[in-house]
Structures are given as C-alpha cells and as structure tokens.
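[1] Sharing a model that was predicted from the sequence below.
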Amino acid sequence: MSPLAALLIRDMRIAVRVGGGALMGVLFFLVVVTLVPFAVGPDLALLKRIGPAILWLAALLASLLALDRLFAADHEDGSLDLILMSHAPLELVVAVKGVAHWLTTGLPLILAAPLSGLFLNLDAPAEAALVLTLLVGTPALTFIGLIGAAIAVALRRGGLLLAVIVLPLTVPVLIFGVAAANAAVVGPVPFGTPFTVLCALTLASLVVGPFAAAAALRQEME
Amino acid sequence: MRLSALDLACHRGGRDVFVGLSFAVASGEAMAITGRNGAGKSSLLRTIVGLVRVTHGQLALEGGDPELTIAEQAHYLGHQDALKPSLSVAENLRFWVGFLGARAVAIQPSLDAVGLDELADLPAAYLSAGQRRRLSIARLLAVKRPIWLLDEPTSTLDASAQQRLAGFMRTHLAEGGLILAASHGSIGLDGAQELRLGQAASPLAASVPSPLVGEGLGGGSGGGAPASTPARRLTTPTPNPSPTSLHSGARKRDPGGGGEE
C-alpha cells in the first residue's frame, strides 16, 4: 500500500485503541449532551430551541480534544522526524492525518447525534438537518484544528494554545452550522442559504488547513 | 556513492554548534563521529538528513538517485525510537516498511534477525529500552537504503545486541552502503574513519562560548581525494579503550580543555 494509506491505517488504529482519541471524543460529546438537560431543567420548549446549538458546541469541543495529540505524539516519539524525511509531501501527510482524525472522531459524533437529539427533545426533521450540517461541518472543524495542532506541536501541553488559536477560526463554522440546523425547522431563512456557506467553509478549510499546518510544522522543526 | 560536506556550519538555539566542518564518506566506508556531550554530533546527523537547515557550507551526495534528497536515501536512527505504544511490535514495523515505500517486504526475517520474533504481537509499550532500539534496527534491516545515519546506536543495547548490530553494519558496508554513526564509545567497526567534533578555543577564552571547529581527520578538506589523506583508523575495541589513543590528536591542540569524557 502507498505510504499515505499506511499512515491513514496506522492513525486510525491508534485512535481506536485504548488511549486513542476516538472513544474520548464520543464520550465527551455524550457527557455534555446528557448533562445539559439536567442543567437547563425540564423546559422542553427551551431544550428544543437550543438543542442544535448544544449539539454543535459539544461536537466542536469533542473534536478539539483529540487534536492536541495529533502531531505532538509523533513529535515526542520521533516519528515526525521520519515523516518529514520521507518522499511523501507534507501537505498530503497532514491532510491524511486530518482524514484519520475525522473518521475516528467526527464520524462517531455524527452517528451519536440522533440519539443525543432525543435527550434534547428534537424531532425527526430537526435531527435530520442537524446530522446533515454536522456531516458537512465536522471536517471543517478537524482541518482548521490541524493548523492549531501544528503550531502547538512542540509544546508538551499545547492544548490551551491550540484552543486559543483554533476556536476563533471555527466560530464561522459554528454560526452557519447552527443557523442551517435551525433554518430547517424554524425558518424564515431557507435551509440552503446557511448550508451552502457551511459547505464553502468546509471546502476552503480542506485546502487551507493542510497547507497552513504543513508550513507551521516545517517552521517548528527547524 | 560518496557523501561529502564542505565547510559545513550549524546554528541552533542561537549559537553556532560547529563551523568549518568538512568530510567525505564513500560506499563501503563508515565514519564514527565522536566528541563530548554538546559537541554537535546529533546536530550534524540531523543537518545531513535535512531536519536542521544548512546555514553555511555544502552537503553533496554523488552517485545516488538524483531525483531523491539525501534523506530519502538514508535511514536515520535517532535517540527516539519512533514507536507507537498502542501498536504491536509487528504493526509498528509493518507501518514503517509501508511508509518508507517497501510495502512488499516481509517483516519476519528482520524481526528474527534482531531477536524480537517471539514478541511480534506484544504492544510496544511493554518493550524495554533495548528491545525498542532493536525494533528500530529492524526497520533499517527491512527497508534497504544505502546511507545509515546512526545516533548513538549502541546506547541501550547489551553486549550481544551490540555485536549483532556490528554484524549488520558490516553486512551493510559489504553491500556498498555507507554509515555515519555518532557515538561516545566504540561502535565495533574496524577501519572506520573518525570525525572528532572538539573545541579549538584557548583556555582564556573558555568563558565565551565559541563555535566548535570540526576536525575532519579522514575528510577531504583541502581538496585532496580522501584516499590520499591518511585517515586515523579505529582499532578493534578493547573493553576499556585507552583514552590517549583516540584523543591524542585533539589533546595536542587543546591542553587546557581536558577533563571531558
């Protein structure tokens, strides 16, 4: 198999095993979603209104959790040295790591979202819209997060710097994701308007993320 | 194939680690890079591989694949072992074999050669330091590359593993490869050139950190072909190598800087 396929499989294997990011992300998401109804109280109408926002926020934070170790783990055990030395372009390597992160963190969130929707009193059309926006928007969260992860690679506990860098960049994704999820149920804005912007944000991040992260990694490794 | 450096300098962390370094290593030759801690042995290896930028001087590889960089034709065995603790021994090796572009290679012979065949399914987290180092060496055996850059390869190995490594290195040299190894002690190779990274400053200036000048004792400095420069050859290592035999050259120039190692 090609080097990039080997890297993808390795990253997914690590994430899925005990101590990897996959379980952590999904559990965090479920914990947040379970706690919100207890915090907000039994006001079903309120839960229905803030449901998409809470789920999106939980998805954002859960994605952020596993990003911290994405490059830092490789840097600490010397794998990043060998990856930098290889023939594979660093931008593609970074993109492949992003894909592995999304497949093991983002995708489980999307699968867990309908169940969580029940906790927040969401009905079927709202859940469907929410799942669609998450499907399109979580790759953007991952790929924007790659930039922060690359900048913080050499720091042992880079989580805080990562969050400070990444969160402002993900705010547009959050805004349009929640707007699209709400627009499907509440209106008057048609679902398509914020959804198309969300798609555009994701497509842009799929390109900008790897290039920016690769540049940051090269800088850090000097 | 010939790896050569001319007037190489390394600048890291705001200070010059070494300047004016020149050497040449050809196919079938090994070079041992020695020096005290902090002399720049690891920095030199990382510069050759491209992980540290070359600020001054030239690094050239003749006879290799012109389409590939030096790093893509080299194996780098650093201080860290590049192993993932949650993956098994076999999975780790299989990943590196696949990532380094030799996907069809079977990993079992390499695991047998380093003595890790019985631990193939053990998660790498449970390996001792010596076993981790042996697994990294298995990577060198499984994927064939002409240049080996080894940073203190024997540091965590026991005596029998060191002998096995010496055997692997001899086989690699016999197949036309070249080896640069940074080490405090002997690496078990007869006939290796020695490149000593040492301090040339006078004792009076010792308080001011000065760049370390490399002495390419086997190198081609001055433009002569390496064969014509009499290189200092390391003899077969004895259990307690006498310090004077290796260090006398440097000691003559720097009588006040003794006491290291």
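    That came through, no problem. Residues are numbered from 1 along each chain as shown, chains lettered A, B, ... in the order given.

[2] quick one: A:Gly25 and A:Pro108 touch, right?
    Yes: assessed by C-beta atoms under 8 Å, A:Gly25 is found in contact with A:Pro108 at 6.7 Å. Yep, even glycine has a C-beta here, placed from its N, CA and C like the rest.

[3] of the two, who's got more company?
    Set side by side, A:Gly25 and A:Pro108 show more neighbours around A:Gly25, with 28 against 19, by other C-beta atoms under 10 Å in any protein chain shown.

[4] Please, where are all the strands along the stretch 101-250 of chain B?
    B:147-151, B:178-182, B:193-198, B:212-215 (DSSP state E, counting those that start in this stretch).

[5] Quick one: residues contacting A:Leu57.
    A:32, A:174 (C-beta atoms under 8 Å, 6 or more residues apart in numbering or on different chains).

[6] got a list of what the closest residue to A:Leu103 other than its chain neighbours touches?
    Once flanking residues are discounted, A:Leu103 sits nearest to A:Met12: 6.1 Å by C-beta to C-beta, 6 or more residues apart in numbering or on different chains. Shown in contact with A:Met12 (C-beta under 8 Å, 6+ apart): A:100, A:103-104.

[7] quick check, nearest of those residues to B:Asp117?
    For these, the residue nearest B:Asp117 by C-beta to C-beta is A:Ala100; the value is 29.5 Å.

[8] mind checking how far that closest one is from A:Phe28?
    18 Å (C-beta to C-beta, to the nearest Å).

[9] and if you look at A:Leu217?
    For A:Leu217, the distance to A:Phe28 - C-beta to C-beta - is 26 Å.

[10] Between these two, which has more neighbouring residues?
    Applying other C-beta under 10 Å to A:Leu217 and A:Phe28 shows that A:Leu217 carries more neighbours, namely 25 against 20.

[11] Tell me the buried residues in whichever strand or helix holds the more buried one?
    Per DSSP states H and E, A:Leu217 falls inside helix A:192-220. Within helix A:192-220, the residues that count as buried by 16 or more other C-beta atoms under 10 Å in any protein chain shown are A:194-195, A:197-199, A:201-202, A:205-206, A:209-210, A:212-217, A:220.

[12] Check these one by one and keep those near chain B.
    Among the buried residues of helix A:192-220, proximity to chain B is found for none (C-beta under 8 Å from any C-beta of the partner chain).

[13] Who are the contact partners of the residue lying closest to A:Leu146 once chain neighbours are set aside?
    Spatial nearest neighbour of A:Leu146, excluding adjacent residues (C-beta to C-beta, 6+ apart): A:Ala213 at 4.2 Å. Contacts for A:Ala213 (C-beta under 8 Å, 6+ apart) come out as A:94, A:146-147, A:149-150.

[14] Next step: these restricted to helices.
    A:94, A:146-147, A:149-150 (DSSP state H).
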